[in-house]
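Q: Quick one, structure for this:
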Amino acid sequence: MMNHHNIAENTFAAFISDKITSICRVLNFQTKDINNTLEIFNLMAASWSDLHIGQQSRWVSDITDDFTPFEFSLSLNNKKPVLRFLIDNLIKPYTLESSWDLGCTLNEELASRFGASITRFQEIKDLFEPHNPDALFAIWHAVDLELDCQPKFKIYINPQCRGIKQAPAIVEEALQRLGFTQAWSCISQFALQRGEQDEIKYFSLDLSHSANARVKVYVAHKNATVGNIEAVLAANPYHEQGEVIDFCRTIAEQDGPFTTRPLVSCFAFTTDNEMYPLSSTLHLPVSFYLKNDEIAKQKISRILSPQDAAIHEQVISCVADRPLNMGTGIQSYFSFKRQKMNKSITVYIAPETYRLTSFDKLANRHMNINSYQCQVAI
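A: Modelled structure (predicted):
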């Protein structure tokens, strides 16, 4: 474990690469696979990876609660685990516009070097170009890494790029352009049942030529109860009544309303069936509802298989630079995904470069973000 001073003296590349390497070894990646994974990270994070971490973030990145522009996640389904990481496109002068331009450049590099498909992005690019100075991000990139498989890239773009109220119209138009003419009806009927309480947050594209390439829409459900979420996820024809309620009760020990940070749903559509989602996912922000990461680890182990629980524990050990019972924040979200007859759990893992471990600080972080942005701008 590193202390906070040692973390601050590291570059992002050194700090994160060590954790990537350790996690890959837990997942039985061979040396070649690890080197390829590090190459992908260095490409995606090239604009900021060589910077020293320092004591305080030089930017506001909404990927993590301490503004670190990078996040791990681990998807577990009692088969082969999938390692993911998500990065923010940050480059001076650290504006939404500079982030957007950098992200578009990275798209081209991923297409050239890895054969990623950016055709769908090009068809809707003009809709998501940032025009709202209060938007929390412009464009993020992620990659799924699975043993003996090719990397799978995806992007996240901001439906609130022209303001929160414009997000539904932007998403509806994007879906129409991409040929998902009936998907919006499903989203509006199920995910947006409660008016302004349901807020579209993210729009995601798989950068793949595959017929199974997904288009995903994420909605934050303010002050939702488990009953509200049950009604949302009923859009999935394979949804099983009560399974997300059991998930929330097992992890958070409550039925809501979840007022500190919203629950988030995600619908993924493919061209095979645009009327209903291929998969539906509930994201539960555990760092706002559990007192520490040790409790979070114990809670999720009740749901995971023994094999997956052991993998999860080892991966968390690779990332944690403090005792898990010291605070909350390493495990930021747990998600429950239903895709046909299959279920999977994903754990979202923050590297804590700036270490916001106090439960109260985490709870206050989102309320203070606008103030922080003003301070950074000054």
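
Q: Off-centre distance for the helix or strand where I20 lies?
A: Remark: I20 resides in helix 12-26, with elements defined by DSSP states H and E. Here helix 12-26 shows a centroid-to-chain-centroid distance of 19 Å under the convention Cα atoms, centre = their mean, to the nearest Å.

Q: which secondary structure elements does it contact?
A: In terms of contacts (3 or more Cβ pairs under 8 Å, 6 or more residues apart in numbering; DSSP states H and E), helix 12-26 is packed against helix 31-44, strand 70-76, strand 82-88, helix 306-319. For the C-beta atoms, the positions are set from N, CA and C on the backbone; glycine is no exception.

Q: Out of those, which is closest to A350?
A: strand 70-76 (5.9 Å; Cβ to Cβ).

Q: contacts for the closest one?
A: The contact list for strand 70-76 (Cβ atoms under 8 Å, 6 or more residues apart in numbering) reads 12, 16, 19, 23, 45, 63-64, 81-88, 144, 304-305, 308, 311-312, 315, 319, 332, 344-351.

Q: ok, now stretch 155-170?
A: Here stretch 155-170 has contacts from 86, 96, 103, 107, 121, 127-132, 134-142, 171, 188, 192, 199-205, 207, using Cβ under 8 Å, 6+ apart.

Q: List the buried residues in that stretch.
A: Judged by neighbour count using 16 or more other Cβ atoms under 10 Å, the buried positions of stretch 155-170 are I155, Y156, I157, N158, P159, Q160, C161, R162, Q166, A167, P168, I170.

Q: what's the answer for stretch 250-267, then?
A: Neighbour-count burial for stretch 250-267, with 16+ other Cβ under 10 Å as criterion, is recorded at I251, A252, G256, P257, F258, R261, P262, L263, V264, S265, C266, F267.

Q: First-to-last residue distance for that stretch?
A: Stretch 250-267 has an end-to-end distance of 23 Å (Cα to Cα, to the nearest Å).

Q: mind checking how far that stretch is from the chain centre?
A: 16 Å.

Q: cool, and stretch 289-309?
A: 19 Å.

Q: I'd like the average pLDDT over it.
A: Stretch 289-309 shows a mean pLDDT of 98.

Q: Equivalent analysis for stretch 43-61, please.
A: Average pLDDT, stretch 43-61: 96.

Q: Start the count at 42 instead of 1 going forward.
A: Okay, residue one is now 42; in that scheme the one you just asked about reads as stretch 84-102.

Q: which residues sit against it?
A: 48-54, 56-57, 82-83, 107-111, 126, 128-132, 135, 143, 147, 150-151, 154, 177-178, 182, 184, 394-395, 410, 413-414, 417.

Q: Can you tell me which of the residues you listed are buried?
A: Buried among the contacts of stretch 84-102 by 16+ other Cβ under 10 Å: 48-49, 51, 53-54, 56-57, 82, 107-111, 126, 128-132, 143, 147, 151, 178, 182, 184, 394-395.

Q: sorry, back to before: adding secondary structure and pLDDT as columns, could you present the buried residues of stretch 291-308 in JSON lines?
A: Converted to JSON lines, the buried residues of stretch 291-308 look like this (DSSP: H, G, I helix; E, B strand; the rest coil; pLDDT from 0 to 100):
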{"residue": "I292", "secondary structure": "helix", "pLDDT": "98"}
{"residue": "A293", "secondary structure": "helix", "pLDDT": "98"}
{"residue": "G297", "secondary structure": "coil", "pLDDT": "97"}
{"residue": "P298", "secondary structure": "coil", "pLDDT": "98"}
{"residue": "F299", "secondary structure": "coil", "pLDDT": "98"}
{"residue": "R302", "secondary structure": "coil", "pLDDT": "97"}
{"residue": "P303", "secondary structure": "coil", "pLDDT": "98"}
{"residue": "L304", "secondary structure": "strand", "pLDDT": "99"}
{"residue": "V305", "secondary structure": "strand", "pLDDT": "99"}
{"residue": "S306", "secondary structure": "strand", "pLDDT": "99"}
{"residue": "C307", "secondary structure": "strand", "pLDDT": "99"}
{"residue": "F308", "secondary structure": "strand", "pLDDT": "99"}
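
Q: In a markdown table: the residues you listed, plus distance to N76.
A: Shown next, in a markdown table, are these (distance: Cβ to Cβ, whole Å):
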| residue | distance to N76 |
| --- | --- |
| I292 | 36 |
| A293 | 40 |
| G297 | 45 |
| P298 | 47 |
| F299 | 42 |
| R302 | 37 |
| P303 | 39 |
| L304 | 38 |
| V305 | 34 |
| S306 | 37 |
| C307 | 32 |
| F308 | 36 |
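
Q: Closest one of the residues you listed to V258?
A: Closest to V258, out of all of these and judged by Cβ to Cβ, is F308, at 5.4 Å.

Q: so where do the strands sit in the stretch 142-291 of the chain?
A: 180-186, 193-198, 239-247, 256-262 (DSSP state E, counting those that start in this stretch).

Q: For these, give me TSV that also has mean pLDDT and distance to G268.
A: Formatted as TSV, those follow (pLDDT from 0 to 100; distance: least, Cβ to Cβ, whole Å):
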stretch	mean pLDDT	distance to G268
strand 180-186	99	31
strand 193-198	99	28
strand 239-247	99	14
strand 256-262	99	11
